[in-house]
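Student: Coordinates only, no sequence provided:
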């Protein structure tokens, strides 16, 4: 049964797909946006519920292109239900789950399982990404056509890069023929070696083995050349340094079908946040120097970087409460994605419309989804944002099953106070009233 019509009034509407920002109201009916009014609200239909947005920002729901969910196989770290609850709380209405599960998402049956499980337990849209290679082993390609027919929205080996150049060339060729998207984790594992943080003076001071920027740029340069050879759509999942920005900039200037993302962690944190060996800040790619952080922020502002991802990677205490060099990579991110990203708005580095575009319309365009826009007929996946709401993050209040957030006890400003998926309210802060 469809929910009652819902009228959201007195909102600051931001439609990143159309580049519009204006006060107005949105009418939701049967899971879609039925009408949008600039300025005054449209007439309230009989039986409709209303929400007075009080001048807060109403935007398309966030789309997170990189989230690791433990189900199936590691439900103690995260399930589709807990990940989707965290997503709804953070204003994320669509998440792309990575294939790093047990079993790996490398066959149609596993894609079908994830989709059915998400339908039954998740409160947001869950889109599975399938593996490029069977078992994430980097040798034998998966069946792109069958996986795409089953519902896979992209192909990636998740935490691993496809290191074999011949396998990557074949994957890109097949992806081109199927109109599929390849998402690569751009890290050359041999150059990473035993490194655990950004290579430089700070790593030396901490006595930790560093990871050179070339571990990222060498892989990215190789992949761009293979894209030039094959003409396939390619997405660098996360870049983290100034040299990578220039590689992507040149590829786009040459007209190649290349896009890229950046983790919110690399946008707002740098290697100094590791402090006294904070394992919650051990990430892949690692937190870089401040100059690199500023470079990716500028690239995001200019549009060289297309999307911001949470890189949500829940870890339990057994893998994080260890010496820094022995801890697992990864941090929570889906629930704090919006609040952390809004730091860039409050510091004046990026305008709010551009930030929202990188969290909504950007990923929707790359994934070829109809979401990410405020338009009549579009899915009613919406988020109401209070950009000035101050709070201190308490990891115990997070909805994820794991608690490894790099923003634990951080002062944040801005949060989702109302989240709608398909016209249904899946998250609502107590101060937001729904009137019949």
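Tutor: The structure has been received and is ready for your questions. Keep in mind the model is a prediction, meaning the values are calculated, not measured.
Student: use CA for all of it now, contacts and neighbours both
Tutor: OK.
Student: quick one: pLDDT of residue 40?
Tutor: Note on residue 40: pLDDT of 68.
Student: same check, this time on residue 43
Tutor: 69.
Student: Likewise for residue 2?
Tutor: The model's pLDDT for residue 2 equals 61.
Student: Likewise for the one 5 residues further on?
Tutor: We note a pLDDT of 93 for residue 7 in this prediction.
Student: Can you say which helix or strand has it in it?
Tutor: strand 6-15 (DSSP states H and E).
Student: what does that strand contact?
Tutor: 20-29, 40-41, 44, 48-60, 353, 373-374, 423 (Cα atoms under 8 Å, 6 or more residues apart in numbering).
Student: out of everything not next to it in sequence, what's closest to residue 158?
Tutor: Among residues not flanking residue 158 along the chain, residue 98 sits closest, at 5.6 Å (Cα to Cα, 6 or more residues apart in numbering).
Student: Just list the residues touching that neighbour, thanks.
Tutor: Contacts of residue 98 by Cα under 8 Å, 6+ apart are 66-69, 128-130, 156-158.
Student: quick one, phi psi at residue 337?
Tutor: phi -50, psi -50 (degrees, to the nearest 10).
Student: nope, residue 419 is what I meant
Tutor: Per-residue torsions, residue 419: phi -130, psi 130 (degrees, to the nearest 10).
Student: quick one: it and residue 8, what's the gap?
Tutor: Going from residue 419 to residue 8 by Cα to Cα, to the nearest Å gives 12 Å.
Student: quick one, which of the two is more surrounded?
Tutor: residue 419 (31 against 22; other Cα atoms under 10 Å).
Student: Tell me what the more buried one is bridged to.
Tutor: Beta bridges link residue 419 to residue 383, residue 427, judged by DSSP bridges.
Student: right, and it touches residue 87 too?
Tutor: No: between residue 419 and residue 87 there is no contact under Cα atoms under 8 Å: 9.5 Å.
Student: Now do the buried residues in the helix or strand of the chain with the lowest mean pLDDT.
Tutor: One helix or strand of the chain scores below all others by mean pLDDT, DSSP states H and E: helix 317-320, with a mean of 88. Within helix 317-320, the residues that count as buried by 16 or more other Cα atoms under 10 Å are residue 320.
Student: List the contacts of that helix.
Tutor: 279-280, 327-328, 404.
Student: Now a PyMOL select for only the buried ones of the contacts of strand 6-15.
Tutor: Those of these that count as buried under 16+ other Cα under 10 Å are selected in PyMOL with:
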select buried, resi 21+23+24+25+26+27+28+29+41+48+49+50+51+52+53+55+56+57+58+59+60+353+373+374+423
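Student: How far off centre is stretch 279-288?
Tutor: Here stretch 279-288 is found 16 Å from its chain centre; the criterion is Cα atoms, centre = their mean, to the nearest Å.
Student: and it, how far apart are its ends?
Tutor: 15 Å.
Student: Begin at 196, not 1, for the rest of this chat.
Tutor: That works, and once the first residue is 196, the last one we named lands at stretch 474-483.
Student: Quick one: residues in contact with it.
Tutor: Stretch 474-483 is contacted from outside by 382, 391-393, 406, 433-436, 460-461, 464-466, 468-469, 515-519, 522-526, 599-601, using Cα under 8 Å, 6+ apart.
Student: just the buried members of those residues?
Tutor: 382, 391-393, 406, 433-436, 460-461, 464-466, 468-469, 515-516, 519, 522-526, 599-601.
Student: Please point out which parts of stretch 202-215 sit buried.
Tutor: Residues of stretch 202-215 classed as buried by neighbour count (16+ other Cα under 10 Å): 202-212.
Student: ugh, typo on my part, it should be stretch 545-561
Tutor: Quick answer for stretch 545-561 (16+ other Cα under 10 Å): 545, 547-559, 561.
Student: pLDDT below threshold where in this protein?
Tutor: 196-197, 235-238 (pLDDT under 70).
Student: Centroid-wise, who is the farthest residue in it?
Tutor: For the chain, the largest distance from the centre (Cα atoms, centre = their mean) belongs to residue 241, which lies 37.9 Å off.
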